[in-house]
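Q: coords please:
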Amino acid sequence: MRLTILGGGGFRVPLVYGALLADRGAGRVTRVVLHDLDDSRLYAVARVLAEQAAGVPDAPEVATTTDLDEALRGADFVFSAIRVGGLEGRADDERVALAEGVLGQETVGAGGVAYGLRTVPVAVDIARRVARLAPDAWVINFTNPAGLVTEAMSRHLGDRVIGICDSPVGLGRRIARVLGANDPGEAWIDYVGLNHLGWVRGLRIAGRDELPRLLADRELLGSFEEGRLFGADWLRSLGAIPNEYLHYYYFNRETVHAYQEAELTRGAFLRDQQARFYEQAGRPDASALDLWDRTRAEREATYMSENRETAGAGDREADDLSGGYEKVALALMRAIARDERATLILNVRNRGTLTVLDADAVVEVPCLVDANGAHPLAADPLPGHATGLVCAVKAVEREVLAAAESGSRATAVKAFALHPLVDSVNVAHRLMEGYRAVHPGLAYLG
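A: This next block holds a predicted model:
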């Protein structure tokens with residue numbers, strides 16, 4: 001089976017390859033094609049993968065290319081993890097937003113809108129090429145903003161594009177661990193929302209919902225990351241455990257202030273950190289894998305550090321530093337390729353799962369996966385406060401899609417202005433002008 005990875009020079013590609021190396025089942029991936037626009041990044045990542053594969057019998061063959069059509073032809077699965085504008089673009093997204101006093105995070109708020117506006121046209125082009133060159137391939141999308149980009153691609157690929165994210169998986173794993181599940185994978189997680197905007201409303205172990213027990217125990221609530229991040233009183237008020245990204249909504253003022261006071265924004269930190277990695281990993285005398293391991297450990301330990309500092313949540317726990325999206329991707333590919341039924345939290349078309357959204361809106365919910373793809377499972381209605389946020393953010397996503405299709409600057413301004421974390425139409429206009437000034441990829445918005 002052949003897997004093509006778009007964004008194949010990306011820093012997290014070795015996580016995916018590591019998961020493939022551990023898969024010894026029938027029908028496993030035997031060939032990996034890495035596609036990237038940057039030859040030097042491809043070279044560095046290929047060196048890491050070669051060291052990972054050393055001594056592993058029948059390790060998947062790795063090829064690299066900068067030709068997108070060549071990469072797509074013959075693919076059984078296409079994993080999309082591109083970053084339009086690179087980490088410099090992410091740093092610019094943060095800087096422009098923070099100058100206006102609003103959040104610039106890459107998927108949430110003004111930064112997410114800007115990232116979506118320049119990513120959607122590229123993602124749509126990829127989707128059209130996949131439909132033409134590899135019509136039987138399944139696309140697994142990890143490109144952010146993941147729900148928005150998956151919805152853009154689904155308009156050309158239908159249900160053959162599925163979005164993944166490691167955030168719900170990590171949240172469910174932490175809650176199950178706290179509640180004493182011997183195998184967190186056996187717990188049923190009632191999770192529903194949009195990508196980076198979802199809530200755990202129940203967690204059943206052996207058929208019993210254990211979430212009420214967690215919410216009733218202040219000590220247990222303080223024993224895992226989201227409990228410390230949001231605080232026991234707020235979680236009890238909600239009656240649910242929010243995805244960590246909802247901290248940007250519930251504690252927006254404090255988070256914006258922390259980001260403005262930080263020596264470096266997250267994007268600027270990663271830009272500088274990864275520039276060092278790629279420069280050093282390209283040297284023939286260096287161990288690219290050792291460099292990658294050290295860089296990844298630092299990257300994971302500093303994830304959402306400003307939010308944790310604001311909440312007094314302390315450092316991340318060791319069990320939370322191992323990532324997880326590569327395991328979701330592998331489980332998804334296995335379920336489809338081998339018809340091994342699995343239940344995974346994925347980004348898929350709604351199909352009536354959330355009655356407040358239309359059938360084609362991409363949502364993040366538990367899905368039953370088999371050879372025919374991912375099928376969203378029925379979900380109870382969201383409470384009013386969550387419904388309001390979900391509908392508001394989905395409306396913003398739809399304006400981003402409309403702006404990307406039409407090239408309308410006015411529609412793009414509307415997307416900024418309607419976001420719950422942008423507090424003025426005038427700010428929205430200034431954001432649009434600020435982003436157009438730093439992102440050549442937004443020149444299409446006339």
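
Q: flag every buried residue along stretch 256-265.
A: Val256, Ala258, Tyr259, Ala262, Thr265 (16 or more other Cβ atoms under 10 Å). To be clear about C-beta, it is placed using only N, CA and C from the backbone, and glycine gets the same treatment.

Q: and stretch 97-112, by the same measure?
A: Using 16+ other Cβ under 10 Å as the test for burial, stretch 97-112 gives 97-98, 100, 102-112.

Q: for stretch 263-272, same thing?
A: Thr265, Arg266, Gly267, Ala268, Phe269, Leu270, Arg271.

Q: of the residues you listed, closest to Arg430?
A: The nearest member of those to Arg430, counting by Cβ to Cβ, is Thr265 at 18.6 Å.

Q: I'd assumed Tyr259 was in contact with that closest one.
A: Yes. Using Cβ atoms under 8 Å, Thr265 is in contact with Tyr259, at 6.2 Å.

Q: what is in contact with the two at once?
A: Residues touching both Thr265 and Tyr259 (Cβ atoms under 8 Å, 6 or more residues apart in numbering): Glu94, Leu98, Gly104.

Q: phi and psi next, for the last one.
A: Dihedral pair for Gly104: phi -120, psi 20, per degrees, to the nearest 10.

Q: check the gap between the residue nearest to it when sequence neighbours are not counted and Gly147 for me.
A: Excluding its sequence neighbours, the residue lying closest to Gly104 (Cβ to Cβ, 6 or more residues apart in numbering) is Ala97, at 3.0 Å. For Ala97, the distance to Gly147 (Cβ to Cβ, to the nearest Å) stands at 20 Å.

Q: go on, Ala19?
A: 23 Å.

Q: okay, the two: which has more neighbours?
A: Set Ala19 next to Gly147 and count neighbours by other Cβ atoms under 10 Å: Gly147 wins out with 28 against 19.

Q: how about Ala374, secondary structure?
A: strand (DSSP: H, G, I helix; E, B strand; the rest coil).

Q: outside of stretch 281-299, which residues touch it?
A: Under Cβ under 8 Å, 6+ apart, the answer for stretch 281-299 is 11, 14, 40, 43-45, 47-48, 50-52, 270, 273-274, 276-277, 280, 321.

Q: is it true that Asp423 touches Leu103?
A: No. Using Cβ under 8 Å as the test, Asp423 is too far from Leu103 to be in contact (10.8 Å).

Q: what separates the helix or strand that contains the residue nearest to Gly104 from the chain centre, distance-wise?
A: In the assignment (DSSP states H and E), Ala97 maps to helix 86-99. The chain centroid and the centroid of helix 86-99 are separated by 18 Å under Cα atoms, centre = their mean, to the nearest Å.

Q: who's in contact with that helix?
A: Residues outside helix 86-99 that contact it (Cβ under 8 Å, 6+ apart): 83, 85, 103-106, 109-111, 114-115, 118, 256, 259-260, 265-268, 270-271, 274, 431, 434-435, 438-439, 441.

Q: rerun that using 6 Å as the cut-off
A: Outside helix 86-99, the residues within contact range by Cβ atoms under 6 Å, 6 or more residues apart in numbering are 104, 106, 110-111, 114-115, 259-260, 265, 267-268, 270-271, 434-435, 438.

Q: and the following helix or strand past that helix, average pLDDT?
A: Later in the chain than helix 86-99, the nearest helix or strand by DSSP H and E is helix 109-133. When pLDDT is averaged over helix 109-133, the result is 98.

Q: name the helices or strands packed onto helix 109-133?
A: Here helix 109-133 touches helix 68-72, helix 86-99, helix 146-157, helix 384-406, helix 409-418, going by 3 or more Cβ pairs under 6 Å, 6 or more residues apart in numbering; DSSP states H and E.

Q: okay, these in JSON lines with mean pLDDT and distance to Glu364 next?
A: Shown next, in JSON lines, are those (pLDDT from 0 to 100; distance: least, Cβ to Cβ, whole Å):
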{"stretch": "helix 68-72", "mean pLDDT": "98", "distance to Glu364": "26"}
{"stretch": "helix 86-99", "mean pLDDT": "96", "distance to Glu364": "22"}
{"stretch": "helix 146-157", "mean pLDDT": "98", "distance to Glu364": "6"}
{"stretch": "helix 384-406", "mean pLDDT": "98", "distance to Glu364": "10"}
{"stretch": "helix 409-418", "mean pLDDT": "98", "distance to Glu364": "20"}
